[in-house]
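Novice: take a look and give me a structure for this.
(2 chains)
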Amino acid sequence: MKPKILVITGYGINCEEETAKCFNWAGGEAEIVHINDLISSAKKLSNYQIIAFPGGFSYGDDTGSGNALANKIRNNLKDDFLTFLKQDKLVIGICNGMQIMANLGLIPATDMKYGERQAALMRNVHVSLECHWIYIKNISKKCIWTRNIDIIHLPVSHGEGNFYVEPSTLEKMKKNDQIVFKFVNEDGTPANNKFPANPNGAMEDITGICDETGKVFAMMPHPERFNSWTNEDGWELKKEKILREYLAKNAKTDSKDIFANLRFPTEGAGLQIFRNGINYFK
Amino acid sequence: MAHRIEIFTKVNDSKSQVMAKKLQSCGFNISSATVVEVYVINKDFKKSELKEIAEMLSNPVSQKYGIDEAQKEISFNFALEIGFLPGVTDNIATTARETIEDFFKLKFSAEESVHSSMLIFIKGELSEKDVEKIGDNLANSLIQRITIKSHEKFAADNGMDTTVPLVHLSSKPEVDKVDLSISEEELLKLGKEGIPNKDGTRRGPLALEKDSLEVIKKYFAKEDRPPTDIELESLAQTWSEHCKHTIFAAKIDDNERTARVRSDGERSGLAGREQERALQNEQGLYKGYIKKATNDIRKAKARTRSEREGESEDLALPGRAKPEPTKGDFCMSVFSDNAGGIIFDENWIITDKAETHNSPSALDPFGGAITGIIGVNRDCLGFGKGAKPIINKYGFCVGNPFDKEPIYRDAKLTNAALPPHRILEGVIEGVNAGGNCSGIPTPQGFVYFHDGYKGKPLIFVGTIGLIPRKINGKNSWEKKAEKGDKIVVIGGRVGMDGIHGATFSSEALSSGSPATAVQIGDPITQKKFSDAIVKEARDRELYHSITDNGAGGISCSVPEMAKECGGCLVNLEKVPTKYPNLSPWQIWISESQERMTLAVPSEKLTEFEELMAKRDVESTVIGEFTDDGRCVVKFNDEKIMDLAMDFLHEGLPRKSLKTTYTRIEDLPNHKRNPEPDFPEPADLTQTLLNVLARPNICSYEFISTQYDHNVQGGTIIKPLQGRGRVNGVASVTKPFPESTRGVICSQGLNPIYSEIDTYHMAACAIDTAVRNVIAIGGTLDHLALMDNFCWCSSNEPERLGQLKAACEAVYDYAVAYGTPYISGKDSMFNDFKGFDAQGKAVKISVSPTLLISSLGVLDDLTLAVSLDPKFPGDLIYILGETKDELGGSEYFQYQKDLAKSVPENAPKVITKVIPGETFIGNSVPKVDAKSAIKLYRTFRSAVEKRLISSALSPQFGGLGITLAKKAIAGRMGMEIDISKVPGFNSNSRDAPNLLNSNFSTKNKFPPTRLDHLLFSESQSRFVVTIDPKRQAEFEKHFANVPFALLGKTTNNQNFVIKTNNGDNPSKIILKTNIATLDQYYRKTFNRFSE
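Specialist: Okay, the predicted model is just below:
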């Protein structure tokens, strides 16, 4: 049986379609469900193995990014979520999803205190939304979602991604291997809070964290936007490299169509994250 | 009583830091600024409840709050609060209210409310006057209120005031009858100033002219009753230039002679071109030129190849090709809907629409731009049964952003127009908020600066959409309201917003409020119904028809949709309003945003309403569609409007317009512009660097990176290309992650060329929009265009003549290229009448501006070509001819600025362009369609052979700037020899230029100067780089078009341009490096990005 993924939407979430597609390609069965259909009990959390909070602009970031939708969930669905977390299931939040999860207290939830707000995603240091590609490095051994990933190239696109927790929380997170992704330079060296490698000013370049179990995970960059090879910033150069290597090998082929055997990659590196989630249930 | 919650950020307060920096950079002597979020809760709550509310609205990790108390921790000299005026959309407050309602499970009454504002505590050596200036800098008094308190006053008052900006309309709604049995003078006044109120004031312009007023008078004489106010207002909306495009519909230059030419062309010896033009003019500019172009192209494309082969060359217009043979007609729905649609693939249609929001953006740039972008999203949602928006586009034409010289709307110099830099900041932010919040990528756009836009900016917004060709087996682009269908409005509520000059009073305002003139958008309300419609209701077939409520609100959308069935009956009291006591005519014509109108069949109504309720979308039945030929409106059962549909839609008398305009070719020398006269610069390196830094040429990365361009996961060729991040002129997007097809979009716009000749201006705009698509890998066979005319003083025959000339090119070149128009829009009066700082009356008109947008389909994404050179050692070629075409060029404008000794570090656009002034010149670039088509087809087949590694087409700044941008993008050096450029001849102006055979044109104007060669803006050219191993193959492929090998990319960082006229050794004319180029490319807008 394919694992079932609940992809939440409504009130300005806007990355639900590509997020669902990525889960489906990775071998899952994703369903996009409006938050009101959960509140009305038309759909039940218990029917799914994975909950995904996609990116977007829920409530237009009014009253703080992710805050208003988190309030709506807390006001109406708190118990359902706490029950879900007690089972051997997974949660992922991307961008606005991470902001919602931080406000809901699903991450970092140190001392297993789910529901307590412990992290803030504050305004970027440059205040405005920042949309560009960055490199992030996986430093967590625990996180289920980032297995087989070292450095990954992904786009960010957010106005409030400046990660902050109190120093005592940070210590606990470090001790429990809850820090997952950090911004790095292209060569893997720490971004050291330098723009544009660290686009938002996040504390210790942190941009992905998990709970103490490694099953509940959230990140600011967008893996679902690197779903195919041609999404990547700079793919045009890689294409040209592949083409020239191909021509160097096939230059003398007398075939009518010299490109008959030319193959380009198809998949984007972001899919690995979704695959990790699905593979957990295999 | 109302309560006040203040929220303070306790760590990493970047908002406050950025604010302090901004104020310091504006020259205010401040040491700190602390930004505080404020909520006024206008409802009784207990202290403990308020605490719960404050906790929900703040973040305990990073923030703290105060309730109904004056803060004592922050030290400051002045407190400055900015909130909204009554009736202005306050999205943050709406979200806060919903959060509170959801938490306590209660509903606020109409008299209870939430309001948000921003409070800034400022420390510094400032006078109250300075703080007022800060307020003016940060707020817009049309929509916002500013409160300032000194530290002492703040202490004495125990904090800021708890203001509740609610709207209270005093008068009871009434319907007035309007007497039309009045003198002609009074009648004209009625048209110009509007319906008189009882107190003698007027309700604002109806903009009805004499002939329209007389037709209306006659109609009501026949009906034997006076019109009601709502009937007149409705006619004025429906017949407005904005809705009916009266100028584009008018007969042009209709007189006895042209009538004779039309009917009897051959015998009068005026057959051919002139007869064709006379026929076109009789049909008007829209039907005779724009629509005719599309019709002719579609006919040509629909014909089979063998049919076409029999056709003679006579069909071709002089100097142009005959309608381009292609692989078939790809138009699906053109000119008949909110947007135009073409085939994307066997299952899908892509739609496109571009709009302008010029007047609202001049008053409130943020509000104008955000309502513009989400408004054009609704045009997409209103295509057929509803297309999903997949790409947003923008274009900002504003005044010189470094121009601080004020201009005023009034002679007393009290009402200053916003300076260009504030308009720019505001519109950038508006599209940011609208596009980003809606989850629609914005990969494509441009900025253009010119002093003609100082009084009135042109703010273009566009949206591309996606819809299946069939929905449950039915054509998706067809829709029809049926008799008996319910008229349903969804989305936002109606307020005074967007009603012409209406005034209303409220407790927070002493006198009439202009808050109605501008609006702030609410993208989340729209996102909610957009998803509910496109992702759910549409495919469940819950409605028969759908359209946007744009200009004229429901007074336009309902009767427009009623055309599909033949009538409508509206119960106006059912329309949900933001506050009570709106007059019926106000409800009818209000342009309050985020609303759409649908025709819902009775049997689907319950399902539709339930779905909308589940998605938190307000939907209301406001009437029923009929077939009795009448448009009837009732208010509380009283019939207040009853007009014949025919009269409402077709009653407007058609205009007949006279034009005067002489094309540059026919102008005697003394009437032409003087030729700029300046020596060739000794230092071409510095010249290139300075031109590179010009606002129309340099990087605008600070805009590109604040617009989410990869949401929906389909971005392929991005707004910034190469490792050196250079702004591209076209983009590629993949609508389906799983497919290999892409959408290409680009645009062309050359307003300064209008100062020489509008025909060539339009031709260049078309060629630019087309060749940008070709350069990135597209094909002429699957390429559509859109036109957006933004003209000025369109009541003057000379301006109308310029318009006609532009339309001639619009027809000629689209037909030649085989690129049909699928949608378009016009805005005819972009003039500012006001006063300069000395009180002298000034009129600032935009240069006649035509934006051509292009929409192409790329069948294989891996064919896409980016602009950055890929490897050192690659060969650099130029394709196409370079002529001495610097008329209206950026380079001439640069020379003009230089002549005026503008400091080099403050790049400035020209101060004022008036025909006849120097530095415009006459040698406007001209487009030879025939040779361009040959080049574009050859280029595309080279793309299919994967011969081209990178490509960029020269535009503003010509070849020199194109090479520089490519070098920056690839982060690699170049060695160029420009003496080989096709067309260039440094020896003689008259010598024929014979580089290779098969030239389609004789180049009569070879550039003879190096600066001209570098900066000429000749059209239809490409600069490409290729794999050196494929040199022979490449040169063989392009053997039949003009091209030259210019040099190669290098693995050092030097940018070197040489000439070689047989001298030995060749001469270096320009030498710099990539770092320096990069620095000049970015320095102009560095400050804007902070």
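Novice: and the strand or helix carrying B:Val114, how far from the chain's centre?
Specialist: Using DSSP states H and E, the element containing B:Val114 is strand B:113-124. Centroid displacement of strand B:113-124 relative to its chain, using Cα atoms, centre = their mean, to the nearest Å, is 33 Å.
Novice: point out where chain B drops to low pLDDT.
Specialist: B:264-271, B:304-327, B:498, B:500-518, B:901-918, B:984-1007, B:1062-1064, B:1087-1090 (pLDDT under 70).
Novice: the strand holding B:Val114 pairs with which strands, and in what direction?
Specialist: Note on strand B:113-124: by DSSP bridges, its sheet partners are strand B:30-42 (antiparallel), strand B:78-84 (antiparallel).
Novice: for chain A, what is the nearest residue in the stretch 701-850 of chain B?
Specialist: Nearest residue of the stretch 701-850 of chain B to chain A (Cβ to the nearest Cβ) works out as B:Gly713 at 3.6 Å. No exception for glycine: its C-beta is placed from N, CA and C like everyone else's.
Novice: whoops, chain B was the one
Specialist: Residue nearest to chain A within chain B: B:Gly439 (2.3 Å; Cβ to the nearest Cβ).
Novice: leaving aside the residues adjacent along the chain, what's closest to that residue?
Specialist: Of all residues not flanking B:Gly439 in the chain, A:Asn14 sits nearest, at 2.3 Å (Cβ to Cβ, 6 or more residues apart in numbering or on different chains).
Novice: where does that neighbour fall, phi/psi-wise?
Specialist: Phi and psi for A:Asn14, reported as degrees, to the nearest 10, are phi -140, psi 10.
Novice: same question, B:Leu1045
Specialist: phi -80, psi 120.
Novice: what are the bridge partners for it, then?
Specialist: Assigned bridge partners for B:Leu1045, using DSSP bridges, are B:Tyr877.
Novice: which ones are touching it?
Specialist: Counting by Cβ atoms under 8 Å, 6 or more residues apart in numbering or on different chains, B:Leu1045 touches B:875-877, B:980, B:1031, B:1035.
Novice: CSV for those residues, including neighbour count?
Specialist: Below are the contacts of B:Leu1045 laid out as CSV (neighbours: other Cβ atoms under 10 Å in any protein chain shown):
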residue, neighbour count
B:Leu875, 21
B:Ile876, 23
B:Tyr877, 22
B:Lys980, 17
B:Gln1031, 13
B:Glu1035, 15
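Novice: need phi/psi at B:Arg630.
Specialist: According to degrees, to the nearest 10, B:Arg630 has phi -120, psi 150.
Novice: how many neighbours does residue 184 have?
Specialist: You didn't pick a chain, so chain A it is. 20 (other Cβ atoms under 10 Å in any protein chain shown).
Novice: actually chain B
Specialist: 10.
Novice: gap between it and B:Lys210?
Specialist: As judged by Cβ to Cβ, to the nearest Å, B:Glu184 and B:Lys210 stand 8 Å apart.
Novice: again, but for B:Ala805
Specialist: Distance from B:Ala805 to B:Lys210, by Cβ to Cβ: 28 Å.
Novice: who has more neighbours, those two?
Specialist: B:Ala805 (23 against 11).
Novice: surely that one is in contact with B:Thr662?
Specialist: No. The pair B:Ala805 / B:Thr662 is not scored as a contact, 9.3 Å apart, by Cβ atoms under 8 Å.
Novice: give me the buried positions along stretch B:623-641.
Specialist: For stretch B:623-641, the neighbour count (16 or more other Cβ atoms under 10 Å in any protein chain shown) marks B:623-626, B:630-635, B:640-641 as buried.
Novice: again but with stretch A:245-252, I slipped
Specialist: So, applying 16+ other Cβ under 10 Å, buried residues of stretch A:245-252: A:246-247.
Novice: and stretch B:665-684, by the same measure?
Specialist: In terms of neighbour count (16+ other Cβ under 10 Å), stretch B:665-684 has its buried residues at B:672-673, B:676, B:681, B:684.
Novice: sorry, back to before: out of the buried residues of stretch B:623-641, which are inside strands?
Specialist: B:623-625, B:630-635, B:640-641 (DSSP state E).
Novice: for those, which one is nearest B:Pro580?
Specialist: B:Phe635 (13.8 Å; Cβ to Cβ).
Novice: for that closest one, which residues are in contact?
Specialist: Here B:Phe635 is in contact with B:173, B:175, B:571-573, B:584 (criterion: Cβ under 8 Å, 6+ apart).
Novice: buried subset of those, written for ChimeraX?
Specialist: Selection of buried members from these for ChimeraX, criterion 16+ other Cβ under 10 Å:
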select /B:173,175,571,572,584
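Novice: in helices, which of the contacts of B:Phe635 fall?
Specialist: Residues of those located in helices (DSSP state H): B:Pro584.
Novice: interface residues of the stretch 401-550 of chain B facing chain A?
Specialist: The stretch 401-550 of chain B comes close to chain A at residues B:432-433, B:436-439, B:523-524, B:527-528, B:531, as judged by Cβ under 8 Å from any Cβ of the partner chain.
Novice: look at residue 260 and tell me its secondary structure.
Specialist: Since you didn't name a chain, this refers to chain A. Three-state assignment for A:Ala260 (DSSP: H, G, I helix; E, B strand; the rest coil): coil.
Novice: thanks a lot, catch you later.
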